[in-house]
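Chemist: Provide a 3D model corresponding to the input given below.
(one chain, ligands or ions: 2)
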Amino acid sequence: MKRFPSKFLSVLLGTAVGATIASSATNELSKVMKERGLSEIDVVRAAKTYNPTGVKDKYVVFSSGGQSGQMIVYGVPSMRLLKYIGVFTPEPWQGYGFDEESKKVLRQGNIRGREINWGDTHHPALSETDGKYDGKWLVINDKANPRIAVIDLADFETKQIVVNPVFKSEHGGSFFTQNSEHILEAAQYAAPFDNNYHPIEEYKEAYRGGVTVWKFDPKIGRIKPKDSFTIEMPPYMQDLSDSGKGISDGWGFTNSFNTEMYTGGIEIGMPPNEAGMSRNDTDFLHVYNWKKLYELSKDAKNVKIINDHKVIPMDIAVKNDALFLIPEPKSPHGVDVDPTGQYLIVCGKLDTHASVYDFKKIKKLIKNKEYVGKDPYGIPILDMKKSLHGQVELGLGPLHNQYSPVDGEVYTSLYVDSQVVKWNFKKLKVIDKENVHYNIGHLAGMEGKTADPQGDYIIALNKLSIDRFQNVGPLHPQNHQLIDISGKTMDLLVDMPLPLGEPHQAVAIRASKLHPHVRYEMGTNTRTGEQHIGKTLAGEERIERDGKNVTVYATLVRSHINPERITVNKGDKVTIYMTNLERAQDETHGFTIDNYDLHSSLEPGKTATLKFEADIEGVFPYYCTEFCSALHLEMMGYLLVKDPNKKYESAQKLKMKSMTPEELKAEYDKTVAVNNSTDAVIQSVVKFLKDNKYQEHKVVSDLVTDAFDQYNQIPEQKKKANAALKEGDVEKAILFENMIWQLMVKTADVGIRAKDALVRVIATKQSSSAVRGETAFAEGGCNGCHVIGKVSSGPDLTGVLMRHENGVDWVSRFILSPESMYKDPYVKAMIDYFNLKMPNQHMSEEEVDDIIEYLKWVDENANLF
Ligand code: K7E
Ligand code: CUA
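Modeler: Ligands and ions are numbered 1, 2, ... in the order given. Next comes the predicted model:
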């Protein structure tokens, strides 16, 4: 046997692993490394991100979906995509924007009566309790059409969209306050608060910036617009923001650019915006006491009402010592409050420094009313030097910061240098730099901007992906790069292309903090969380007509839609309420009617509504769009739309030869016999489950519950079958017996899954060699003839090692060279009996060793097969 030349593999494989196993895996590994051109460090990095099948990630990332107006969910460290969530954009898989309930949410995002079907999502935020993520709610902003959406992490569905009533664009959102009482949203491009025309020459007088302080109810997860207000600010372009925590709780911080208040005009010969807006050396950091302003906003004399929304004018905020400005290096980008709330780091795109402000110093200046002046709008300006803890030269284009669990440590993205820099903001010292691919924007740390950062990893969210991935045309995917920060220095592990818009920012949370449910209470309107008025239980299905309005109360369950025919008149207004009666996990049914631009996704327990006018005559199949069962294709029906003003000639009935009574009886008997033998199989599985105390294992008992949900429907069908038989309608009796068989198949399907799951929990743990052996057994095709626990086209291999003297030896020899043993009397007898010869599958010695280990494991657990 070959030996792998390096020591690192034995480290990789662990010292406890036996030498044979190690060396056979080593051989395989060195072969793969050679074939794929991987270095040792590549393999280590792969091992740090690889999740074997069934293993889940430690962190879950919620990334903005950029211009897709959606959210992207993926796992860390595997970087496996888990879900897209429809937010500002219709998303057909989830029925989002196609059924009435979700349309209602999507349409909350209409602006001035206009439907908007996309969003430029930038900054997601997770709800917090005491400055730490609580895993309940997720919000995200839309820069283009100033809006914020709320997603419920109990089911990952969008529940609310609020439009900013006074801004015309925004960027500095969304930021939760430390107990999720409020969400901060700062404007971007200054514009008049009202909806009227104001000439650009009146920019300084009529255009405004600001920060909206949305009231949020963390119990129900909804923004309360009536209890929210906007702080009027000068027409500086407000930018990224952050809310204070710890000692700065109650305060908000917002960057700005264009304090020059330049308005461009290339077309009239003026220098462009980019020149005029970055003329001054400094811009202003806005510091405001949102908590105090919230209290003030409750008194009508402190607010102006614009577009039905409360606005606190600048002079009121100033008079109440609640709004201040501090100079900051020009054209800043991120402002990020540290885990304690004392320090805020501001990065300037055009400055090589990061500026660390000390909130304690800021507060002192405010307390002593120590101002260096006022801006043109009368807002007091604090001294920059006296507010600063210090500045550090980091590199070109610092943008955003993420904190580490180590006191004083922070990671900052360098846009121009394409680097991540690790530094200490207390000691003002650079520690380490890591090259990333082109033009990093945000960074996502693991809970990296909470009061409890986890370290472990950060993700570089890069703007470009030139030459990183297979070329898919001029529009390239984005590139998220995972960096290991658990060591002394950073180590870039892996790239992941993101094919859905430019995600500016992403947030990551420990997976253990998320507890989404797997089913809804029966008949839930999932967008409101309430019982749906169209909730329909089995047996309640019906079609009601009231003039031109037709209401269908429908149910879906494997594998039928009830009703299966809906006949209406052209011009009728149709409402279909659909309830998915399933209780089983992951048994979603989709529903669509051909040609009607409708679709809904019905997860177990959900009720949703489709509404349409049957405006064209014809026959329209409807069907389930999720491959939900073996009879999924049969899960269909017809919408028949007839014109009431037309006469239809009935087609000649085709004369079909019918079955004789004897033939019918024979078919009935056969069907019943099949059902009886299927039931015997089910009973044997049930006995196995009971004997092995399935109730003690939650995963298994959940599956058994699902199975009985199916099985318990059988007596009802049996009654119908017997009644039909009694009336002499054998045809119908056969169909009901067939239905019983369908229910049995579904029961057996889940029942066997339960049995497998139970075997997996109670069987002894497989050694890694046995695991490989099972794979070799399957891949070598052995299971084509040998079924464990059963005699099939070859002997059952349970106990095979004990059937022969020196069994291990005997079996090894037989696998390696079966031909040499065809004459052995035992083998000869077997060949005669099965009429088959054991073929030579050309297994390696290692594979045979592994298979032997697997067979030993089979013997240890023989009682389970
Ligand atoms: Cu957070 Cu792109 Cu909106 Cu910086 S922004 S990258
Ligand atoms: Cu239900 Cu396919």
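Chemist: tell me the secondary structure at whatever residue of the stretch 451-600 of the chain ends up closest to ligand 1.
Modeler: Among residues of the stretch 451-600 of the chain, the one nearest ligand 1 by CB to the nearest ligand atom turns out to be His504. It sits 3.4 Å away. All C-beta spots, glycine's among them, are computed from the backbone N, C-alpha and C. Remark: His504 carries the secondary structure label coil [criterion: DSSP: H, G, I helix; E, B strand; the rest coil].
Chemist: which residues of the stretch 301-450 of the chain lie near ligand 1?
Modeler: Where the stretch 301-450 of the chain comes near ligand 1, counting by CB under 6 Å from any ligand atom, the residues are 333, 399-400, 441-442.
Chemist: likewise for the chain?
Modeler: Applying the criterion CB under 6 Å from any ligand atom, the portion of the chain that neighbours ligand 1 consists of 122-123, 171, 240, 333, 399-400, 441-442, 504-505.
Chemist: what count of nearby residues applies to the residue nearest to Asn145 when sequence neighbours are not counted?
Modeler: Spatial nearest neighbour of Asn145, chain neighbours left out: Ile116 (5.1 Å); criterion: CB to CB, 6 or more residues apart in numbering. Ile116 has 19 neighbouring residues, counting by other CB atoms under 10 Å.
Chemist: confidence score at Ile116?
Modeler: The score at Ile116 is 97. That number is its pLDDT.
Chemist: the residue of the stretch 451-600 of the chain closest to ligand 1 against Ser63, yeah?
Modeler: No - using CB atoms under 8 Å, His504 makes no contact with Ser63, being 9.0 Å away.
Chemist: show me whatever sits in contact with both of the two.
Modeler: Between them, His504 and Ser63 share the neighbouring residues Leu461, with contact defined by CB atoms under 8 Å, 6 or more residues apart in numbering.
Chemist: of these two, which one has the most company?
Modeler: Shown here are His504 and Ser63; by other CB under 10 Å, Ser63 has more neighbours (29 against 22).
Chemist: nearest residue to the closest residue to ligand 1 within the stretch 701-850 of the chain other than its sequence neighbours?
Modeler: Closest approach of the stretch 701-850 of the chain to ligand 1 (CB to the nearest ligand atom) occurs at Asp702, with a separation of 41.4 Å. Counting by CB to CB, 6+ apart, Asp702 lies nearest to Gln585, which is 7.1 Å off, once chain neighbours are set aside.
Chemist: now that neighbour: which helix or strand?
Modeler: Applying DSSP states H and E as the criterion places Gln585 outside every helix and strand.
Chemist: what's it in contact with, if anything?
Modeler: Remark: with contacts taken as CB under 8 Å, 6+ apart, Gln585 is in contact with 518-519, 604, 702, 706.
Chemist: got the CA positions of stretch 143-159 in CSV?
Modeler: What follows is stretch 143-159 as a C-alpha-only set of coordinates in CSV (Å, rounded to 0.1, in the frame of the first residue of the first chain):
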residue,chain,number,x,y,z
LYS,A,143,-33.4,52.3,-1.5
ALA,A,144,-35.1,53.1,-4.8
ASN,A,145,-38.7,53.3,-3.5
PRO,A,146,-38.2,54.2,0.1
ARG,A,147,-39.8,51.3,1.9
ILE,A,148,-39.1,48.8,4.7
ALA,A,149,-40.4,45.3,4.8
VAL,A,150,-40.9,42.9,7.7
ILE,A,151,-40.3,39.2,7.4
ASP,A,152,-41.4,36.8,10.1
LEU,A,153,-38.7,34.2,11.0
ALA,A,154,-41.3,31.8,12.1
ASP,A,155,-42.1,31.0,8.5
PHE,A,156,-39.7,33.2,6.4
GLU,A,157,-42.6,35.1,4.8
THR,A,158,-42.9,38.8,4.2
LYS,A,159,-45.7,40.2,6.4
